[in-house]
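> What follows is a predicted protein model with its sequence.
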Amino acid sequence: MTDNNNQDNKTLIDSGLEILHYPAPVLKKKSEPVDKFDDELAKFIQDLYSAMRAHDGVGLAAPQVGVLKKIAVVEYDNKSYVLINPKIIEKRGIQEGEEGCLSFPGIYANVTRPEWVKIETQDEHGDTHTIEGEGYTARAFLHEMDHLEGKLFIDYLSNLKRNAIRKKAAKHTGGHF
Ligand code: NI
């Protein structure tokens, strides 16, 4: 996910991971659960953080770099979170706000989400934790978890808005996909 306050067009990538842009077909696919908690996974998580930070993102999910595994990272308000095989346990309230995505550069739209969520997740060692997020943090968790199910933020919009974004995204990518 991206924050509209950060609009630098940085293209720096120091992780070796390439962030795929819509309409890359992998973005619509469901990810597989992680069952191997090894050094390779720990390295991949560090690479995800690097790629996210290089693009001023607040979240990045594995499918966005072409890896169909239930792994995502979120970094907001000086706190970092690793989401592996995450599940929503509880959600409360409702919030509406602007949302962007590193796979849709320069595109933002209002999306309605729960105001608060409790999530069960594993860390890079395979240990299970419960984390809570409120406001923008909740929004970021839910946005990244949607990526693991092949769901994109534009899927919450009306057909009219979604089609407008599709056209804009096609222009951005210059028909690469
Ligand atoms: Ni996204």
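Arrived safely, thanks for sending. Residues are numbered from 1 along each chain as shown.
> Run a quick neighbour tally on the residue nearest to Lys28 when sequence neighbours are not counted.
Counting by CB to CB, 6 or more residues apart in numbering, Gly150 is the residue found nearest to Lys28 once chain neighbours are left out, at 4.8 Å. Any C-beta I mention is one placed from the backbone N, CA and C, and that applies to glycine too. Gly150 has 16 neighbours, counted by other CB atoms under 10 Å.
> likewise Gln46?
Neighbours of Gln46 (other CB under 10 Å): 13.
> which residue ranges form the strands in the protein?
Ranges of strands within the chain are 59-61, 71-76, 79-92, 95-101, 104-113, 116-122, 128-134, based on DSSP state E.
> of all these, which lies closest to Tyr156?
Closest approach to Tyr156 among these (CB to CB): strand 104-113, 4.9 Å.
> quick one: the closest one near the ion?
No. Strand 104-113 lies apart from the ion when judged by CB under 5 Å from the ion; the minimum separation is 7.4 Å.
> Direction included, what does that strand pair against?
strand 95-101 (antiparallel) (DSSP bridges).
> contacts for the strand it pairs with?
Outside strand 95-101, the residues that touch it by CB atoms under 8 Å, 6 or more residues apart in numbering are 1-4, 22, 107-115, 135-136, 138-139, 143, 152-153.
> of these, buried ones?
1-3, 22, 107-109, 111, 113-114, 136, 138-139, 143, 152-153 (16 or more other CB atoms under 10 Å).
> which one in these is the model shakiest on?
The member of the buried ones among the contacts of strand 95-101 with the lowest pLDDT is Asp3, at 76.
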